[in-house]
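A.B. asks: Based on what follows, work out the 3D shape:
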Amino acid sequence: MILSVSRRTDIPAFYSEWFMNRLQEGYVLIKNPMNANQISKVALNPYVVDCIVFWSKNPKPLIKSLDLIDRMGYKYYFQFTITPYDDLIEAALPDKNEILKTFISLSNKIGKEKVVWRYDPIIINNKFTVDFHLDSFSRMISILSSYTNECIISFVDPYKKAKNKMRDDLPADISEIDILKIAEGFSRISANSGISLKTCAEKIDLAKFGIDHASCIDKKIIEKTISGSLSGKIKKDGQRQECGCIECIDIGAYDTCNNGCIYCYATDHDKALSNYRIHDPNSPLLIGNATENDKVTERKVVSFRDPLRLF
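C.D. replies: Next comes the predicted model:
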């Protein structure tokens, strides 16, 4: 089993204590996003959890617990998002210079091969122009090139939920011309950096710029992280067709992230603040507690490790 922590919310930034409690108690409860009264109980232990993939814009609160996670026997890597936007777009994030320092600190602690930089999503409008992104990417990669091997980019999707929040900040769509300008520019800037560029769930083929499609839940990274092989029977989970991720279990919940990013498709910020007020770090659920009206079903989980192969 690959554990995603989490595409739906920033658990390292806001729910680190809860997550550590879940590891120590050996299970987690996850509500069905389509039916809140249906709950899965998922066992957590290093014998079934092959790897943990952390997703965060500010994992600093979790870093102090990584030594304990190591001692417990878990393997992991980070998808760490750093973008150049101001607090009108990402309202509740720390100063970006502090986030860069956190990235460097995390990389120094666990190794740059376990920290993937996400420049994601790319917004193009009158303020955040192609030139703005080329300049921002150049400055950021000059700092981060010694601390990661990979950068994943994507272009903002005009989801209705996000579009209502962004208003004029989100164009109807990003033109192919601008996408190609970004791809060519980013490729040129990163050419001698040692960082490979990839796209996340983008239909457009940018291979001519040396930019491949990414697998954020990446079999190759996981196999390197665990020093072993995963079964070839692993199927892609229910992501978009262009997504290259392998199957995982996500333990997060929608409408629970407090980063305040107005482009986010996963969070209504008023609901997130309300949910955060009822968060109990000792509960098996991320938000609230199970009630007598809930149906809790134990989910069968198994390791994907191939015991007959090391690599």
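A.B. asks: From now on I want contacts and neighbour counts done on CA atoms only, so please keep to that.
C.D. replies: OK.
A.B. asks: Show the residue spans covered by the helices in the chain.
C.D. replies: Secondary structure of the chain (DSSP state H): helices located at 11-14, 16-25, 60-63, 66-72, 96-110, 130-144, 160-166, 176-190, 219-226, 269-277.
A.B. asks: The fifth one vs helix 130-144, what angle?
C.D. replies: Between helix 96-110 and helix 130-144, the angle comes out at 40 degrees (axes from the mean of the first three to the mean of the last three Cα atoms, to 10 degrees).
A.B. asks: Kindly format the C-alpha coordinates of helix 96-110 as PDB.
C.D. replies: The C-alpha trace of helix 96-110 is given here as PDB (Å, rounded to 0.1, in the frame of the first residue of the first chain):
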ATOM      1  CA  LYS A  96       8.500  32.400   0.700                       C
ATOM      2  CA  ASN A  97      12.000  32.900   1.900                       C
ATOM      3  CA  GLU A  98      11.200  30.900   5.000                       C
ATOM      4  CA  ILE A  99       9.600  28.200   2.900                       C
ATOM      5  CA  LEU A 100      12.800  28.000   0.800                       C
ATOM      6  CA  LYS A 101      14.800  27.600   4.000                       C
ATOM      7  CA  THR A 102      12.400  24.800   5.000                       C
ATOM      8  CA  PHE A 103      13.000  23.100   1.700                       C
ATOM      9  CA  ILE A 104      16.700  23.200   2.100                       C
ATOM     10  CA  SER A 105      16.500  22.000   5.700                       C
ATOM     11  CA  LEU A 106      14.300  19.100   4.700                       C
ATOM     12  CA  SER A 107      16.600  18.200   1.800                       C
ATOM     13  CA  ASN A 108      19.700  18.200   4.000                       C
ATOM     14  CA  LYS A 109      17.900  16.000   6.500                       C
ATOM     15  CA  ILE A 110      16.500  13.300   4.200                       C
END
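A.B. asks: Can you list the neighbours in contact with it?
C.D. replies: Contacts of helix 96-110 with the rest of the structure, by Cα atoms under 8 Å, 6 or more residues apart in numbering, involve 57-60, 63, 80, 82, 84, 114-115, 144, 147-148.
A.B. asks: Tell me the one among those nearest to Tyr74.
C.D. replies: Relative to Tyr74, the closest of those is Lys114; by Cα to Cα it sits at 13.4 Å.
A.B. asks: who touches that closest one in this structure?
C.D. replies: 76-78, 107, 148, 221, 225.
A.B. asks: how does it look with 6 Å?
C.D. replies: Tyr77 (Cα atoms under 6 Å, 6 or more residues apart in numbering).
A.B. asks: so where's the chain shaky on pLDDT?
C.D. replies: 158-172, 232-242, 307-311 (pLDDT under 70).
A.B. asks: Can you give me the neighbour number for the closest residue in space to Lys31 that isn't next to it in sequence?
C.D. replies: The shortest distance from Lys31 to any residue other than its chain neighbours is 4.5 Å, reached at Ile39 (Cα to Cα, 6 or more residues apart in numbering). The local packing of Ile39 (other Cα atoms under 10 Å) involves 21 other residues.
A.B. asks: Is Ile39 bridged to anything, and to what?
C.D. replies: Lys31, Val296 (DSSP bridges).
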